[in-house]
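> starting from these lines, generate the structure:
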Amino acid sequence: MKYTLLSTLSAAVVLTATLMNSCTQKEQIAANTSSFDLIQDKILTKSCATIGCHASQSDGTFAQHKLVLAKGQAYKNLFEVPPVNKNAVQDGFKLVKAFKSFESLLYHKLFTDPIHHSGKSYGLVMPLGGDLLSVGQIEFIRRWIEAGAPATGNVADASLLDDTTPSTSIFLGLPPPAAGTGFQMVLDKFDVAPNFERELFVRKPLGNTETVYVNRMQISMRPGSHHFILYGFRNNVNLGAINQIRDLRNPDGSYNIVTFAQMGNHVFNFGGSEANDDYTFPEGTAVEVPANATFDMNSHYYNRGTKAIPGEVNINLYTTPKAKVKNVLKVIDFGNQSLTIPAKTRTVISKDFTFDKNVKIVMLFSHTHKFGEKFEILIKGGARNGEVVYTSTNWEHPEKINYLPNISLKKGEGLTSRITYNNTSDKTVRFGLTTEDEMGIIFGYYYEE
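Numbering: from 1, shown residues only. Reported below is the predicted structural model:
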């Protein structure tokens, strides 16, 4: 077919007019759509109100967050509603507080770097395990809140929703402790492939040339983390090479047998599931770390999104002089690996653990995966037998509880884990290392009398 210059120009004019008309229509649609409706249609419905998360009260996680973000329900469930998160409650937050984005938990839950809220922990960044919001999407929500968070009306620049700059590029990490007050360990930035769980280990030296006593732990992680742990070792046999990444899974998802076997030599020392954590041990107590110590830095990230995400972790261990330590702490790591949870069933599983010496417990916290609905710790034996001393109903960020006075237990007495699992899936769930499996672990610290 032969084109003339005139026909080419005519086609160009038609194309230009069509594009201009399309842009005008988009502008008109944006102008006629309220800011909250844009948030609902372009963000909440796509990223939050999904089955298993915030779609309905039948979601397995509803008991923990009590928040439905489906169309027609989201606004009344957000606007000026008190949060469940205890830190947010203490700080006077609402899920959305008119004119105050920094007192709105929704804004904090979407922002990837916890440094912007002064190091406070408000739980894991959302959407959990999925594609995180872009810088433009987060800024659109912030401006909507600062404009009063109205249910109707166009109060924020809709073009921000077209800004696809990844918010994962923002990570300030932690400043290291001042000289002589502690040590920082860094797990350098790594990639997590789409629709993949990556759990890795890197053995690194702490940098202490003499025995030190750790009385405070501070952690900051990029979003998408399931947990981070510093492991010590039962013995010095078969340790990983210094600064070498050892993945638990091969690219096809199968286990790396060598790395899996090395996990049997691990002893829990420090860690947790909070993306941003700052914990101080009770006064007069500390964890002893021998000179020239090395730790396996264990990071577990899961990415159910469509794009690769980065992982990265900073941990600060602050120290105190030996003269100030009245009691050297040991670690509680009581896990139940005999878990069988039938499909579509709520199941309560208990297991007893005992001590072989007289002990005083100073702190406890729990660990399960997403089917863990309620975690109780009871005293086993003695005058307080059966007493519940710990309860957590949030697997994502379980409480760390200090006990003053300490829990005193005699030789032969111990603790019982009583965990309610709500298996909302279509298959039987057992103990395992992925987020689709389950765990039930009592963590904590104690000292011997």
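
> all strands for the stretch 101-250 of the chain, in order.
Along the stretch 101-250 of the chain, counting by DSSP state E, counting those that start in this stretch, strands occupy 182-192, 196-205, 212-221, 225-233, 245-247.

> a markdown table for the ones you listed, including distance to residue 364?
To be clear about C-beta, it is placed using only N, CA and C from the backbone, and glycine gets the same treatment. A markdown table is the format used below for the strands of the stretch 101-250 of the chain (distance: least, Cβ to Cβ, whole Å):
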| stretch | distance to residue 364 |
| --- | --- |
| strand 182-192 | 24 |
| strand 196-205 | 25 |
| strand 212-221 | 15 |
| strand 225-233 | 16 |
| strand 245-247 | 30 |
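
> buried deepest among these, which one?
Comparing the strands of the stretch 101-250 of the chain on average neighbours per residue, with mean count of other Cβ atoms under 10 Å, the densest one is strand 212-221 at a mean of 22.

> kindly reformat the strands of the stretch 101-250 of the chain as JSON lines containing mean pLDDT and distance to residue 105.
Below are the strands of the stretch 101-250 of the chain laid out as JSON lines (pLDDT from 0 to 100; distance: least, Cβ to Cβ, whole Å):
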{"stretch": "strand 182-192", "mean pLDDT": "96", "distance to residue 105": "26"}
{"stretch": "strand 196-205", "mean pLDDT": "95", "distance to residue 105": "27"}
{"stretch": "strand 212-221", "mean pLDDT": "95", "distance to residue 105": "19"}
{"stretch": "strand 225-233", "mean pLDDT": "92", "distance to residue 105": "19"}
{"stretch": "strand 245-247", "mean pLDDT": "97", "distance to residue 105": "35"}
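
> of all those, which one is nearest residue 63?
strand 225-233 (19.6 Å; Cβ to Cβ).

> what lines up beside that closest one in the sheet?
In the sheet, strand 225-233 lines up against strand 266-272 (antiparallel), strand 294-303 (antiparallel) (DSSP bridges).

> output the below-cut-off pLDDT ranges for the stretch 151-300 of the chain.
168-170 (pLDDT under 70).

> hmm, I was thinking of the stretch 1-150 of the chain
Using pLDDT under 70, the stretch 1-150 of the chain drops low at 1-31, 60, 112-121, 123-124, 129.

> mind redoing it with 90?
Scanning the stretch 1-150 of the chain for pLDDT under 90 picks out 1-33, 43, 46-70, 83-91, 101-102, 108-136, 138-139, 142.

> can you give me the helices for the chain?
Using DSSP state H, the helices of the chain run over 5-32, 35-39, 62-65, 74-78, 86-90, 105-110, 135-146, 257-262.

> so which of the strands paired with strand 225-233 comes closest to residue 145?
Among the strands paired with strand 225-233, strand 294-303 sits nearest to residue 145 (Cβ to Cβ), with 28.0 Å.

> ok so, going back, distance to residue 322 and mean neighbour count for the strands paired with strand 225-233 - can I get that in JSON lines?
Listed next are the strands paired with strand 225-233 as JSON lines, based on distance: least, Cβ to Cβ, whole Å; neighbours: other Cβ atoms under 10 Å:
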{"stretch": "strand 266-272", "distance to residue 322": "18", "mean neighbour count": "19"}
{"stretch": "strand 294-303", "distance to residue 322": "20", "mean neighbour count": "22"}
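
> okay, domains of this structure per the record?
What automatic domain parsing lists as the domains of the chain is 1-30, 33-169, 173-325, 327-449.

> of the strands paired with strand 225-233, which approaches residue 97 most closely?
By Cβ to Cβ (comparing all of the strands paired with strand 225-233), the closest turns out to be strand 266-272, at 28.0 Å.

> distance from the closest one to the middle of the chain?
From the chain centre to the centre of strand 266-272 is a distance of 16 Å (Cα atoms, centre = their mean, to the nearest Å).

> tell me the angle that strand makes with strand 212-221.
60 degrees (axes from the mean of the first three to the mean of the last three Cα atoms, to 10 degrees).

> which residues does strand 266-272 contact?
214, 217, 219, 227-234, 279, 287, 289, 295-296, 298, 315, 317, 331, 333, 365, 400, 443 (Cβ atoms under 8 Å, 6 or more residues apart in numbering).

> how long is stretch 210-229 from one end to the other?
Stretch 210-229 has an end-to-end distance of 22 Å (Cα to Cα, to the nearest Å).

> chain center to it: distance?
From the chain centre to the centre of stretch 210-229 is a distance of 13 Å (Cα atoms, centre = their mean).

> and stretch 87-107, by the same measure?
19 Å.

> residues in contact with that stretch?
67, 77-83, 85, 108, 117, 120-122, 138, 141-142, 145-149.

> again, only using 7 Å
Under the contact criterion Cβ atoms under 7 Å, 6 or more residues apart in numbering, stretch 87-107 has outside partners 78-83, 85, 120-122, 141-142, 145-146, 148-149.

> list the buried residues of that stretch.
Neighbour-count burial for stretch 87-107 flags 87-88, 91, 93-98, 100-101, 103-107 (criterion: 16 or more other Cβ atoms under 10 Å).

> what do you get for stretch 372-390?
Under 16+ other Cβ under 10 Å, the buried positions of stretch 372-390 are 372, 373, 374, 375, 376, 377, 378, 379, 380, 381, 390.

> inside strands: which ones of those residues?
372, 373, 374, 375, 376, 377, 378, 379, 380, 390 (DSSP state E).

> who's in contact with residue 131?
Going by Cβ under 7 Å, 6+ apart, residue 131 touches 305, 306, 307.

> from residue 306, how far off is the closest residue to the first one other than its chain neighbours?
Same thing as residue 305. Using Cβ to Cβ, 6 or more residues apart in numbering and skipping residues adjacent in sequence, the residue nearest residue 305 is residue 131, 3.7 Å away. Applying Cβ to Cβ, to the nearest Å, the value for residue 131 to residue 306 is 6 Å.

> OK, contacts around residue 191?
Counting by Cβ under 7 Å, 6+ apart, residue 191 has contacts 308, 310.

> give me that answer again for 10 Å
198, 301, 303, 308, 309, 310, 311 (Cβ atoms under 10 Å, 6 or more residues apart in numbering).

> coming back round to it: output the buried residues of stretch 372-390 in TSV, with pLDDT and distance to residue 350 appended to each entry.
Converted to TSV, the buried residues of stretch 372-390 look like this (pLDDT from 0 to 100; distance: Cβ to Cβ, whole Å):
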residue	pLDDT	distance to residue 350
372	94	14
373	90	14
374	93	12
375	96	11
376	97	9
377	98	11
378	98	8
379	98	13
380	98	10
381	97	14
390	97	14
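
> please consider this matter closed, and thank you.
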